[in-house]
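Peer 1: Below are the sequence and a predicted model for it; my questions follow.
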Amino acid sequence: MHIDLDAFFVSVEQVLNPELQGKAVVVGGRPDRRGVVASASYEARKFGLYASMPLATASRLCPQAIFIEGSFSKYRDASRKFMTILADFSPYLEPISLDEAYLDATGFESIYGSIHQMALNIKQRIKDELGFCGSVGIAGCKVVAKVASELSKPDGLLEVAPGEERSFLAPLSIAKLPGVGKKTEQILGGLGIKTIGELSTMPVSTLKNHFGVFGELLHRHARGIDGRDVEPPTATKSISRETTFGKDTLNRSLLKATLQYLSERVGADLRQRGKQAKCVTLKLRYADFTTITRRHTLRQSSDTNQTIFDTGVKLLNQALSQEKQPVRLIGIGVSSLVEPGRQLDMLDASGERLERLNKAIDRIRNKYGFTAIQTGRTLLLKDIFPESDEGYTLHTPSLSR
Ligand code: TTP
Ligand code: MG
């Protein structure tokens, strides 16, 4: 099953303020501000509004729409309730985003009569406890279930019978296939491919030529084949990020800027998981491929970007004073993860300020993307890796379980 809430941010606002129900509502901000639509009610979508459309355009297309700033904490709370409902139905639950999850329902017919009935029960509980609708797709694999839930919206339920996966997908536009963005759509369009059915008959070698490994994935998914399991999150033991430079470097500013960026990524992951770390580890690979790690145990567990970065810089300075070779790769990681407890340092005002600062940065980034707000130091990276969407070509995420 793939379950996705309908017009999630808007629905939460409509439950809190019933006057908004049945109206064209947009969450994202006021139309006189720069910014984009985050979520549009289905009434607003009739006017052509969709997520990521500039607010000014949205207000031109639908002047009567009600524009709301929105607040992330409300959506996070609703998301928690949503996931708790789903977890009551099956422990094989994989949350994908705030309002979206896969649930492996294999074998649950015996409990609910049918998977269809199980989905109806889930939808009913979402309605009773959250006050709005979710849509459900049921299929033998993830990609088909996701396309089905999307197609069934709003308040939908769509089941694709075993063996029907490929014929179900065939007439749909390639844009409906998860992972196919504007760019892929354009390239496929250039090859004369408009539907998923047409894509499924392309030779895999052609797709590989154009898209590499992603081409093979497209080929399988277009045929309704997807071997991915539903993977419930497991306890994370460590979190790290690293990057290889295009050219080996000894430039301290570049090394520090990169370390800052990677530390912010690691910190965000750590806070997202609600954990603090006791250990910070720096990894360096030199031009001759010698790889070293240097570890520091913190006096007090922490989850702030600043602690991770400051510790990383100390370790970096020590390492650079011992080894004069240019650096090929730099990485930073945290381990010995603990639940945040009430700690003495927390009574210290500067510690508390840092915590608030990190939370505020997370809120902005969760809403507008990671590069919406940057530390001065990492601005340097923009000039060095200008072409990538995230601002930089960096980060290979790695979570050790
Ligand atoms: P979606 O599930 O993609 O969108 P939705 O729930 O608003 O509408 P529907 O599923 O019925 O098509 O995303 C869930 C929430 O994530 C959405 O309510 C707001 C947020 N979001 C953004 O902030 N920016 C975006 O570009 C998108 C797509 C979503
Ligand atoms: Mg949704």
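Peer 2: Nice, I can see it. Ligands and ions are numbered 1, 2, ... in the order given.

Peer 1: So stretch 9-25, near ligand 2 or not?
Peer 2: No: residues of stretch 9-25 contacting ligand 2 under CB under 5 Å from the ion: none, with a closest distance of 8.7 Å. For every residue, glycine as well, the C-beta is placed using N, CA and C.

Peer 1: Pull the distance from that stretch to the chain's centre.
Peer 2: Relative to its parent chain, stretch 9-25 has a centroid offset of 25 Å by CA atoms, centre = their mean, to the nearest Å.

Peer 1: Just the terminal-to-terminal distance for that stretch.
Peer 2: One end of stretch 9-25 sits 10 Å from the other (CA to CA, to the nearest Å).

Peer 1: and that stretch, what's its mean pLDDT?
Peer 2: Averaging pLDDT along stretch 9-25 gives 97.

Peer 1: Show me which positions of it end up buried.
Peer 2: F9, V10, S11, V12, E13, Q14, L20, A24, V25 (16 or more other CB atoms under 10 Å).

Peer 1: Just the residues contacting that stretch, thanks.
Peer 2: 5, 26-27, 38-41, 43-44, 46-47, 49, 62, 64-66, 68, 70, 74-75, 78, 130-133 (CB atoms under 8 Å, 6 or more residues apart in numbering).

Peer 1: May I see the PyMOL selection of the buried members of the residues you listed?
Peer 2: To isolate the buried members of those in PyMOL, using 16+ other CB under 10 Å:
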select buried, resi 5+26+27+38+39+40+41+43+44+49+62+65+66+68+70+75+78+130+132+133
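
Peer 1: Can you flag which of the contacts of stretch 9-25 belong to helices?
Peer 2: If you go by DSSP state H, the contacts of stretch 9-25 have E43, A44, K74, Y75, A78, L130 in helices.

Peer 1: Looks like the fourth one contacts F8 (just checking).
Peer 2: Yes: with contact defined as CB atoms under 8 Å, Y75 counts as touching F8 (6.9 Å).

Peer 1: hey, what's in contact with both of the two?
Peer 2: Joint contacts of Y75 and F8 (CB under 8 Å, 6+ apart) are L98.

Peer 1: so how far is G156 from whatever residue of the stretch 51-200 of the chain ends up closest to ligand 2?
Peer 2: Nearest residue of the stretch 51-200 of the chain to ligand 2: D99, at 4.4 Å (CB to the ion). Relative to G156, D99 is positioned 14 Å away (CB to CB, to the nearest Å).

Peer 1: got a list of what the residue of the stretch 151-300 of the chain found nearest ligand 1 touches?
Peer 2: For the stretch 151-300 of the chain and ligand 1, the shortest gap (CB to the nearest ligand atom) falls at K153, measuring 5.1 Å. K153 sits next to D4, D6, S135 when contact means CB under 8 Å, 6+ apart.

Peer 1: Check I3 too.
Peer 2: Neighbours of I3 in contact, by CB under 8 Å, 6+ apart: L86, E100, A101, Y102, L103, I122, G134, S135, V136, S149.

Peer 1: Likewise for V136?
Peer 2: M1, H2, I3, A119, I122, K123, S149, S152, G156, L157, L158.

Peer 1: what are the bridge partners for the second one, then?
Peer 2: Right, the one you point to is H2. Residues in a beta bridge with H2, per DSSP bridges, are Y102, G137.

Peer 1: and it, how many residues sit next to it?
Peer 2: 27 (other CB atoms under 10 Å).

Peer 1: I'd guessed it sits against G137; true?
Peer 2: Yes: with contact defined as CB under 8 Å, H2 counts as touching G137 (4.5 Å).

Peer 1: hey, what's in contact with both of the two?
Peer 2: Common neighbours of H2 and G137 (CB under 8 Å, 6+ apart) are A145, K146, A148, S149.

Peer 1: quick one: stretch 60-76 near ligand 2?
Peer 2: No: using CB under 5 Å from the ion, stretch 60-76 stays clear of ligand 2, with a minimum separation of 10.9 Å.
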